[in-house]
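**Student:** Sequence and predicted structure, then a few things I'm wondering about:
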Amino acid sequence: DLHYPLRRQRQMCIRDRDAYMGAGNFALAAQDYSTMLELDPGNNAAYVYRAAAYIAGEQFDLAIADYTKAIETGEFDNTTLFSARAYAYEQSSLPGKAIADYSNITEVVPDDVAAFYNRGSVFFRNGDYVSAIEDMDRVLAIRSDMVPALQIRAYAYQTIGDSGKAIRDLTEIIRLTPEDPEAYYNRALLYSGIEQYPMARQDLDKALQLDPAMTEAYISRALAYLNEENTEQAVADLTSAIFLDTDAAMPFYYRGLAYQQAGSYYPAMENFTFALDRDPGLKEAYTARANAYIALGKPDKALSDLTRVISLSADDAAAYFSRGTVYAELGLNQQAIDDFSTCIALDPSFAPAFTARGSAYVLVNQTEAAMADYNTVISLSPKDPVAYYNRGTVFAGESQYREAIGDYTTALLLDEEMQSAYVSRSLAYSAIGDFDKALSDINDAIHLDVGNPYYYYYRGNVKFRRNDHQGAIADYSLALKIDPSLAEVYSARGFVYS
């Protein structure tokens with residue numbers, strides 16, 4: 001038999017191929033398939049088998065080439081080959097071609113659940129959440145109990161901001177798998193996202209009942225407690241999380257936040273340090289510890305931590321803003337201005353940085369620069385009363401009292417209980433000699449805070465300017481009754497007595 005040697009070689013290739021695939025030696029399996037194709041070029045099935053070996057060995061480009069050849073022969077069930085090639089395309093970061101192959105399947109088999117599910121998964125992983133939802137709708141119309149499809153649709157709804165539909169899908173998953181702690185945990189995260197913390201805690205309670213070692217559920221429940229300002233329960237849950245995983249940084253970080261929220265800054269600082277011992281790159285722990293240091297009167301250490309944040313992330317605008325704020329509190333105004341300027345360069349729409357830099361400019365007598373910053377704040381936040389108040393203060397400092405009065409008036413239109421604006425407008429009215437309006441404004445300030453001694457002092461000054469000496473003396477006396485240590489009030493009252 002002249003064909004015997006060729007058949008014998010093919011049989012040996014098949015035997016070796018199966019052995020290699022079974023042993024996980026995919027490169028040698030692919031090599032045997034290549035030998036088969038050399039011996040029998042018309043054996044198109046070898047392309048399919050070799051492609052499978054290539055996929056198993058993560059040689060996706062070669063797998064795509066072989067599947068394409070097999071598809072072009074027209075000998076096989078192309079739906080299977082399209083599905084396999086689509087997988088290889090996605091692994092090669094070619095999601096568009098993967099979607100096209102899955103679409104080829106759905107055109108031939110309109111009720112192919114796997115094709116719609118796989119295509120929807122590709123859509124989801126590549127950020128096309130609307131298309132992912134549409135494909136999962138088709139899947140669930142055919143198989144309403146397919147939990148993975150419900151999960152992907154829920155996550156897609158969550159991502160596009162439709163929490164209601166996401167919760168609906170997760171609720172259905174819970175109905176189908178009532179003993180799955182992950183289902184309750186995932187729904188709890190959604191409830192927390194829409195600030196329904198009691199509902200979130202109820203789901204987390206169930207998750208922990210089903211899996212008492214679920215560390216992330218303790219953390220999430222602690223965060224729900226923190227949002228409800230129940231720091232004691234938050235600390236208890238985070239302590240449980242730490243007990244379950246002593247090497248994790250985040251439970252220590254969150255427990256530090258809980259202590260900080262309760263005003264317990266020393267244990268907060270210690271927990272942030274524990275978190276950083278476990279993860280030296282945890283920026284938020286440095287920032288939080290800096291805040292604890294500030295509360296404990298240790299600004300130098302706060303500056304050190306904030307500088308560390310900046311070294312870890314030089315484009316962190318918030319870190320420059322925080323460090324600038326510490327510099328400002330220390331009276332280091334130029335350093336504060338430099339940090340606020342860097343923050344603004346990184347985030348030109350961050351209005352608080354313009355406000356803070358404007359205040360620092362005022363302190364170094366750069367009023368034009370301060371005015372420019374306050375103008376920017378007003379353009380960014382035209383409904384912010386503080387922005388108008390700050391600009392009014394610069395006007396007043398430049399003796400532009402009518403302009404100051406205009407800004408204080410705008411501030412009060414936006415916030416009719418802004419005491420500082422009433423006081424400052426009263427002082428501006430006094431400066432232009434309109435004592436009736438000055439008196440009216442300071443009376444409004446006193447109405448809002450009857451216990452502020454300075455307000456009576458300012459009203460006494462207005463009454464003195466109105467030649468109401470007895471009224472002035474009475475107000476100075478009220479101020480001193482509230483705070484007997486105000487030297488300037490004694491001086492004013494003595495002057496009126498004389």
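**Tutor:** Sure thing, it's come through.

**Student:** Okay, the closest residue to residue 334 other than its chain neighbours and residue 355: tell me how far apart.
**Tutor:** Once flanking residues are discounted, residue 334 sits nearest to residue 364: 6.9 Å by CB to CB, 6 or more residues apart in numbering. (Each C-beta comes from the backbone N, C-alpha and C, glycine too.) For residue 364, the distance to residue 355 equals 16 Å [CB to CB, to the nearest Å].

**Student:** and residue 164, what is it in contact with?
**Tutor:** Residue 164 is in contact with no residue at all, counting by CB atoms under 8 Å, 6 or more residues apart in numbering.

**Student:** Skip ahead from the host helix or strand of residue 303 and say which helix or strand is next.
**Tutor:** In this assignment (DSSP states H and E), residue 303 forms part of helix 299-312. Going down the chain from helix 299-312, the next helix or strand is helix 317-329, by DSSP H and E.

**Student:** Run through the neighbouring helices and strands of that next one.
**Tutor:** When contacts are defined as 3 or more CB pairs under 8 Å, 6 or more residues apart in numbering; DSSP states H and E, helix 317-329 packs onto helix 283-295, helix 299-312, helix 333-346, helix 351-363.

**Student:** Now tabulate those in TSV and tack on mean pLDDT.
**Tutor:** What follows is the helices and strands packed on helix 317-329, written out as TSV (pLDDT from 0 to 100):
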stretch	mean pLDDT
helix 283-295	95
helix 299-312	96
helix 333-346	97
helix 351-363	96
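
**Student:** Please tabulate the ones you listed in a markdown table and include mean neighbour count and distance to residue 124 as additional columns.
**Tutor:** Below are the helices and strands packed on helix 317-329 laid out as a markdown table (neighbours: other CB atoms under 10 Å; distance: least, CB to CB, whole Å):
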| stretch | mean neighbour count | distance to residue 124 |
| --- | --- | --- |
| helix 283-295 | 22 | 29 |
| helix 299-312 | 18 | 32 |
| helix 333-346 | 20 | 32 |
| helix 351-363 | 23 | 36 |
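
**Student:** Could you list the residues in contact with stretch 46-61?
**Tutor:** Stretch 46-61 has contacts (CB under 8 Å, 6+ apart) with 17, 21, 24, 26-27, 29-30, 33-34, 36-37, 40, 62-64, 66-67, 69-70, 73, 76, 81, 84, 87-89, 91-92.

**Student:** buried subset of those residues?
**Tutor:** When those are checked for burial by 16 or more other CB atoms under 10 Å, the buried set is 17, 21, 26, 29-30, 33, 36-37, 40, 62-64, 66-67, 69-70, 81, 84, 87-89.

**Student:** before we move on, the earlier item: return the residues in contact with the residue nearest to residue 334.
**Tutor:** For residue 364, the contact set (CB under 8 Å, 6+ apart) comprises 333-334, 337.

**Student:** State the pLDDT value of it.
**Tutor:** The model reports residue 364 with a pLDDT of 95.

**Student:** Then the one 3 residues further on?
**Tutor:** Among the per-residue scores, residue 367 holds a pLDDT of 95.

**Student:** Check the spacing between the residue nearest to it when sequence neighbours are not counted and residue 362 real quick.
**Tutor:** Counting by CB to CB, 6+ apart, residue 367 lies nearest to residue 394, which is 5.7 Å off, once chain neighbours are set aside. Here residue 394 is placed at a distance of 7 Å from residue 362 (CB to CB).

**Student:** now swap in residue 398 and tell me
**Tutor:** Residue 398 is 11 Å from residue 362, by CB to CB.
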